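> give me a 3D structure for the following:
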Amino acid sequence: MKQVLLDLKSGEIKVEDVPIPVLRGKGVIVENRYSLISVGTEVSLINLAKKSLIGKARERPDLAKKVINKAKKEGILSAYQQAMSRLSKPEPLGYSCAGIVVETNVEDFEIGDRVACGGAGYACHAEYVYVPRNLCVKVPDNVNLREACFTTVGAIAMQGVRNAKVGLGERVVVIGLGLIGLLTVQILKAAGCKVFGIDVDEERIKLALELGADIASDYQDVTEKMEKFSEFGADAVIITAATKSNKPIELAGDLVREKGRVVVVGDVGMNVPRNKYYEKEAEIVVSRSYGLGRYDRLYEEKGIDYPIYVRWTERRNMQAFLELLSGGKINVKKLITHEFLIDEATKAYDLILNKRGKYIGVLFRYKPKKEKKEITREIIIVREKKEKEKKKEQGDIINIGFIGAGVHALSALLPNLAKLPVNLRGLATATGLSAKSVAEKYGFEYCTTDYRKILKDGEIDAVFIVTRNDLHAKLTIEALKAGKDVFVEKPLAVNINELREVVKVWQEYGGKVMVGFNRRYSSLTKKLKDFFKNRSLPMVINYRVNAGRIPKDHWVHDEEQGGSMLISECCHFIDFLQYLTNSRPVEVYAKAIEPVGNIYRNDNVQMILTFGDGSIGTITYTTLGDDSYSKEMVEVFCDNSVGVITDFRELKLVRNSKVKKEKKWLSQDKGFLEELKVFLNCKDLDFLSYVCTTLTTFKALESIERGSPVKISLEDLSV
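The predicted structure is shown next:
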């Protein structure tokens, strides 16, 4: 299928052939008929992408600060590589479209339903899109899809009006008569308000009057005109302009009445003139996108709706806008100035970016596909396999299949695999955009959105599973049954039942399995272990992790997808201790801070581990520290000696008052390259050590719940 992509490094816009997305979660696959360019949002993103790295940093100082802190802790090279990996994936453009449902896994929709869709990353400029159920609404029979593609942008205008809390007969000023401003004018008129529109463009002023504004003007003599419109000032002012200037917020303060309301919808300067607003005790509200539920992952991704007393959600605003369209209360036909086929996307953006004429509503049109019973998700060939790549001097080259291509895959695994004698054959991701761009960058032979094609590919020897946590066990099982060697990112499973099933299938089918516990393969870890190789006593180990706060809406907090930070992250540190002691953990006693405020479940944990050789280790995992402080520190005490690793950049070994130090200046050494070498070359991996690590995380969780130590035994898994 064709999709419009933005290169975040250069700002270049392309139309690419990418695989059709797959159903995930609760939602639908929609074959688009029309999509609407959001001029303000998309142009801002394109202009940011066109800036140099320094320009991007100036524009987004919050993100630049994160990169700087990462460089301090992990090294300049590590920070640079991770930042570049984020910029290397193209960005999908668009968030408002309309089309026909062609696949569904929810009761709300049937195949053939006409729908309007919203959501950045979902309702994109593409021939097919996956959209979660709460970001999709049915289109009334008397509304055509050309008009329905305005629904999401209309919901933004709707939410701005709701935040203004206007009533019948109130006087409202709309500053900025672009697309959202002109929709806002019509919604206000439908609500029985008197409307005064303000803009700098004469044609838009004229159009506002045609669409129902009682008065419309430029900025000249606007105060005098306001006095004629309302002698006491505006009950509400809605700012829909897009400018860095502070003029709209200042003007709103002049025009609003005492105790009136100012709602900021557009991206404008927000240096609020205090005296103007203080003297009138005016209220300022920044309207958040298109309704309640925005940025709520449970609502948007998982389709969990709010009860009806949370009245105006994203979806309900979209439905209300369509009802206004259906009832003839809103006219979007007059707002459509340009229409392009999706193949002509570069022309559309050239029009907007270089201002080659007047525009308001700019649409993409998609040619209907021939009628068929179901979508065929073909693989897309990225490069032809060369004969010399089929063999290497000693033995067959290993053909790799990849499932998933998130940040970790791009920053740690794929760059290192590229250094090794392997052939990257097939890549599968849930979104076609991600699959195509990553496949091109790293030289995969083909890409797809159907992971089963990777497992069925007879040429693939080993499969890398780098998805969200909830798929790790399922895909490992399927890969083992397909006869593939498996590299799966941690954790191996998110609950003990999944772990039991993985072990059962491994026992039945055999096969090589490595879990991505990379820290044991760091060169610093090897030197630390060698330092204590002749020890005569048990070890005492402290492992402290200053993790930093993970946002509440991050998927890792979801018990189904992530399993909590304890399951997702602490397994790394348990595995490290197991490797260092060369002994299995036999007991764990864990405590966690109860969730309160910004502290989430099992985010702040301390655990004491007892190992079979008598060693003990403590793991402190916290999100309460300062991000600028070191993230990880390991201290080992044994035989009158001390070994310390800090952030896998510094190693300190102390014995007989002599100190030996080593530091990695440019980057961390977390063992990623060596880990991959071991997976590719070692035939006898200690799979049960990975199983024991994973089991220990579940026992730690049990210990927290019971408030007492818990024994650890592989017999619990019938091993």
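
> pLDDT weak spots in the stretch 51-200 of the chain?
Low-confidence segments of the stretch 51-200 of the chain, defined by pLDDT under 70: 70, 72-73, 77-79, 81-82, 85.

> for it, which segments count as strands?
Using DSSP state E, counting those that start in this stretch, the strands assigned to the stretch 51-200 of the chain run over residues 91-92, 96-104, 114-118, 128-132, 136-138, 171-175, 194-198.

> relative to G27, which of the ones you listed is closest?
Among those, the nearest to G27 by Cβ to Cβ is strand 128-132 (4.2 Å). Using the backbone N, CA and C atoms, a C-beta is placed for each residue, glycine as well.

> got a list of contacts for the closest one?
When contacts are defined by Cβ atoms under 8 Å, 6 or more residues apart in numbering, strand 128-132 is touched by residues 1, 20-32, 97, 99, 102, 115, 117-119, 122-123, 300-303, 375, 430-431.

> ok, now which ones touch E635?
With Cβ under 8 Å, 6+ apart, E635 has these contacts: I541, N542, V642, G643, V644.

> partners of the nearest residue to the third one once chain neighbours are set aside in the sheet?
Residue nearest to V642 in three dimensions, not counting chain neighbours: V654, with 4.2 Å by Cβ to Cβ, 6 or more residues apart in numbering. Beta-bridge partners for V654, by DSSP bridges, are V642, V659.

> which strands and helices sit next to the longest helix seen in the chain?
If you go by DSSP state H, the chain has its longest helix at helix 687-706. On a contact count with 3 or more Cβ pairs under 8 Å, 6 or more residues apart in numbering; DSSP states H and E, helix 687-706 meets helix 496-509, strand 513-515, helix 564-568, helix 570-581, strand 585-592, strand 605-611, strand 710-711.

> pLDDT of it, averaged?
Taken as a whole, helix 687-706 has a mean pLDDT of 96.

> next, the buried residues of that helix.
For helix 687-706, a neighbour-count test (16 or more other Cβ atoms under 10 Å) marks 687, 689-701, 703-704 as buried.

> and the furthest pair within the residues you listed?
Applying Cβ to Cβ across the buried residues of helix 687-706, the maximum distance is between F687 and I704, 26.8 Å.

> and stretch 176-194, what's buried?
Result for stretch 176-194 [16+ other Cβ under 10 Å]: buried residues 176-191, 193-194.

> so of those residues, which ones are in helices?
Per DSSP H, the subset of the buried residues of stretch 176-194 in helices is L179, I180, G181, L182, L183, T184, V185, Q186, I187, L188, K189, A190.

> for those, which one is nearest V332?
Using Cβ to Cβ, those come closest to V332 at L183, 7.6 Å.

> what about the strands in the stretch 351-500 of the chain?
361-365, 380-381, 398-403, 422-428, 446-448, 462-465, 485-488.

> can you pull the contacts of the nearest residue in space to Y521 that is not next to it in sequence?
Among residues not flanking Y521 along the chain, G671 sits closest, at 3.2 Å (Cβ to Cβ, 6+ apart). By Cβ under 8 Å, 6+ apart, the contact set of G671 is N518, R519, R520, Y521, S522, S523, T525, F648.

> distance of the closest residue to R114 other than its chain neighbours from G27?
In space, and not counting its chain neighbours, R114 is closest to V139: 4.4 Å by Cβ to Cβ, 6+ apart. Distance of V139 to G27, computed by Cβ to Cβ, to the nearest Å: 17 Å.

> what of E107?
Distance from E107 to G27, by Cβ to Cβ: 12 Å.

> so where's this protein uncertain?
Those would be 70, 72-73, 77-79, 81-82, 85, 370-374, 384-395, 551-563, if you go by pLDDT under 70 across the chain.

> mark out where each domain of the chain begins and ends.
For the chain, automatic domain parsing gives the domain ranges 2-150+300-365, 154-286, 380-515, 519-717.

> can you list these in JSON lines and add distance to L292?
Putting the domains of the chain into JSON lines (distance: least, Cβ to Cβ, whole Å) gives the following:
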{"stretch": "domain 2-150+300-365", "distance to L292": "5"}
{"stretch": "domain 154-286", "distance to L292": "9"}
{"stretch": "domain 380-515", "distance to L292": "26"}
{"stretch": "domain 519-717", "distance to L292": "14"}
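
> next, the angle from the helix or strand hosting T346 to strand 361-365.
According to DSSP states H and E, T346 maps onto helix 345-353. Here helix 345-353 runs at an angle of 180 degrees relative to strand 361-365 (axes from the mean of the first three to the mean of the last three Cα atoms, to 10 degrees).

> please consider this matter closed, and thank you.
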